[in-house]
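Asker: Pasting the sequence and the predicted coordinates here, then a few questions.
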Amino acid sequence: MTLNSFEQANGNYPLAATDAALAESAGGHVTVPVSYDAVILAGFGGPEGQDDVIPFLRNVTRGRGIPDERLEEVAHHYRHFGGVSPINQQNRELQAALQAEADRRGLGIPIYWGNRNWDPYLPEALQQAFDDGHRTILGLATSAYSSFSSCRQYREDFANALEATGLWGQVRIDKVAQFFDAPGFVAPFVAGVVDALRTLLADGVDLTGTRVLFATHSIPTTDAERSGPRDVEWGEGGAYAAQHLAVSGVIIQRAIATLREEGADVPDVEWQLVYQSRSGPPTQPWLEPDINDAIAEHAAAGATTIVMVPVGFVSDHMEVMWDLDTEAMETCEEHGVRGLRVPTPGVDPVYVSGLIDLVEERLRGTAPADRVRETTLGPWYDVCRPGCCENVRAGFKPAISGLEP
Ligand SMILES: CC1=C(CCC(=O)O)c2cc3nc(cc4[nH]c(cc5[nH]c(cc1n2)c(C)c5CCC(=O)O)c(CCC(=O)O)c4C)C(CCC(=O)O)=C3C
Ligand SMILES: [Fe+2]
């Protein structure tokens with residue numbers, strides 16, 4: 001196994017080559033301490049005014065030749081909120097909270113922030129880190145699961161930033177592994193489900209009529225099948241679905257156990273993994289069921305309450321505000337069921353501290369067995385396995401933190 005051909009051709013990534021060998025011997029984990037001197041938080045980015053909306057959507061759909069008229073259809077979610085997505089502000093707050101936690105622990109590491117699709121872009125963040133003297137950087141993407149959009153594309157974004165700034169060979173960037181089952185990511189969802197069920201109990205709701213729907217971003221089934229390491233059989237929906245199912249199961253069990261410990265009489269509440277925010281042409285299969293179809297079916301089968309858990313998302317951005325709080329809530333109303341929506345981790349101190357734990361694991365080279373994770377799938381790979389999260393539409397692009405081919 002080798003580094004990808006771009007790195008080989010450039011021959012300028014010696015530190016990563018060393019760690020790739022180490023990671024290979026440790027099954028994809030970096031178990032030696034690395035003295036990272038900065039962290040770059042990588043976000044999706046979002047528009048911050050009406051004039052930003054179409055240019056932002058052009059960035060998101062870059063290379064796929066989607067006409068502006070079609071983009072304007074997607075734009076109405078943003079138009080509705082004055083052209084402003086809350087995602088950048090949420091990432092500013094996350095950056096500040098991560099910095100405060102890193103400082104509190106005396107790590108002496110600055111946290112930079114850059115986006116894939118909007119200002120501030122990743123190359124600017126990287127250039128700033130370089131100008132401030134940093135050469136060994138740990139990337140942290142705002143995305144917990146494995147798929148092209150949520151894993152490999154961020155690895156490509158970092159590689160692209162190295163290329164765009166001309167800093168290949170001068171700066172090393174590694175990436176924090178997918179953290180879907182890290183304790184700090186899981187705990188806020190458990191607390192949210194506990195709160196929601198407690199609210200229903202206090203209102204005298206019979207929880208046998210409650211359905212807990214764990215919602216995540218739908219992706220093309222071809223992407224889902226290629227999510228995670230190439231040579232592992234994950235079942236339908238690939239590693240992407242497997243990770244969501246595993247963590248959702250942990251969240252519901254833990255929430256029910258918490259309420260029972262408090263003495264509440266709670267049945268085994270029914271739950272399901274559902275998908276939202278599908279786009280692309282109708283001919284292209286994406287993961288299903290859609291949350292709105294699921295709500296309709298549960299209502300028809302006698303459900304009275306729906307608890308939505310946005311387990312696929314780290315903050316209450318547009319996909320949550322529009323697709324859940326607006327559309328799915330309307331679907332609940334139409335079908336005469338009560339809908340509740342659990343918060344995302346956002347800047348919950350438990351989440352923030354949990355992310356800094358992940359940074360510390362890499363600074364210390366913590367062995368996989370000593371990394372606490374909530375499902376049997378983790379800890380996920382620090383160095384992505386061969387063929388991880390490939391995308392046939394996008395084709396091969398250089399990417400950091402992975403073994404190829
Ligand atoms: C897995 C996944 C995540 C979760 C992981 C992560 O967070 O990264 C995610 C997050 C997000 N997706 C977002 C927005 C959009 N996603 C789009 C399009 C797409 N997403 C996809 C997947 C994902 N997306 C896919 C396979 C497409 C099809 C086109 C393509 O192959 O790229 C489009 C284009 C228009 C459309 O087609 O609907 C938009 C505007 C925002 C910003 C919200 C805000 O502004 O607050 C966020 C956080
Ligand atoms: Fe998306």
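Answerer: Happy to help now that I have it. Ligands and ions are numbered 1, 2, ... in the order given.

Asker: what residues does the stretch 151-300 of the chain put near ligand 1?
Answerer: When proximity is defined as C-beta under 6 Å from any ligand atom, the stretch 151-300 of the chain approaches ligand 1 at His217, Ile219, Ser279, Gly280. (Glycine included, C-beta is placed from N, CA and C.)

Asker: Could you dump those into JSON lines and include secondary structure?
Answerer: Written out in JSON lines, the entries for those read as follows (DSSP: H, G, I helix; E, B strand; the rest coil):
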{"residue": "His217", "secondary structure": "strand"}
{"residue": "Ile219", "secondary structure": "coil"}
{"residue": "Ser279", "secondary structure": "coil"}
{"residue": "Gly280", "secondary structure": "coil"}
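
Asker: Now the two most distant members of the residues you listed.
Answerer: Between all members of those, the longest pairwise span (C-beta to C-beta) is found for His217 and Gly280 and amounts to 12.1 Å.

Asker: Between those two, which is the more surrounded one?
Answerer: For His217 versus Gly280, neighbours defined as other C-beta atoms under 10 Å are more numerous around His217 (23 against 14).

Asker: in the sheet, who's paired with the more buried one?
Answerer: For His217, the beta-bridge partners under DSSP bridges are Gln276.

Asker: which ones are touching it?
Answerer: For His217, the contacting residues are Ser149, Ser150, Tyr275, Gln276, Ser277, Gly312, Phe313, Glu319, by C-beta atoms under 8 Å, 6 or more residues apart in numbering.

Asker: what does Asp174 give?
Answerer: Contact criterion C-beta under 8 Å, 6+ apart gives 16, 19, 30, 34, 36, 137-139, 362, 382-383, 400-401 as the residues in contact with Asp174.

Asker: which of those lies closest to Ser85?
Answerer: After measuring the contacts of Asp174 against Ser85 - C-beta to C-beta - the closest member comes out as Gly139, at 21.9 Å.

Asker: Look up how far Asp370 lies from the closest residue to that closest one other than its chain neighbours.
Answerer: When the adjacent residues along the chain are set aside, Gly139 lies closest to Lys175, with 4.2 Å between them (C-beta to C-beta, 6 or more residues apart in numbering). Using C-beta to C-beta, to the nearest Å, one obtains 20 Å as the distance from Lys175 to Asp370.

Asker: got the contacts of His217 as JSON lines, with pLDDT and neighbour count columns?
Answerer: Conversion of those to JSON lines gives the following (pLDDT from 0 to 100; neighbours: other C-beta atoms under 10 Å):
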{"residue": "Ser149", "pLDDT": "96", "neighbour count": "21"}
{"residue": "Ser150", "pLDDT": "98", "neighbour count": "24"}
{"residue": "Tyr275", "pLDDT": "98", "neighbour count": "24"}
{"residue": "Gln276", "pLDDT": "97", "neighbour count": "25"}
{"residue": "Ser277", "pLDDT": "94", "neighbour count": "22"}
{"residue": "Gly312", "pLDDT": "98", "neighbour count": "29"}
{"residue": "Phe313", "pLDDT": "98", "neighbour count": "23"}
{"residue": "Glu319", "pLDDT": "95", "neighbour count": "22"}
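
Asker: low-scoring stretches of the protein, by residue?
Answerer: Low-confidence segments of the chain, defined by pLDDT under 70: 1-22, 405.

Asker: CA atoms of whichever strand or helix holds Gly139 as CSV?
Answerer: When elements are defined using DSSP states H and E, Gly139 is found to belong to strand 136-141. C-alpha atoms of strand 136-141 as CSV (Å, rounded to 0.1, in the frame of the first residue of the first chain):
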residue,chain,number,x,y,z
THR,A,136,2.1,20.6,11.3
ILE,A,137,-1.7,20.9,11.3
LEU,A,138,-4.5,18.7,12.4
GLY,A,139,-7.7,19.1,10.3
LEU,A,140,-11.1,18.8,12.0
ALA,A,141,-14.1,18.6,9.8
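
Asker: Show me what counts as buried in it.
Answerer: Residues of strand 136-141 classed as buried under the neighbour-count rule (16 or more other C-beta atoms under 10 Å) are Ile137, Leu138, Gly139, Leu140, Ala141.

Asker: Then stretch 271-290?
Answerer: By neighbour count, and taking 16+ other C-beta under 10 Å as the criterion, the buried residues in stretch 271-290 are 271-279, 286-287, 289-290.
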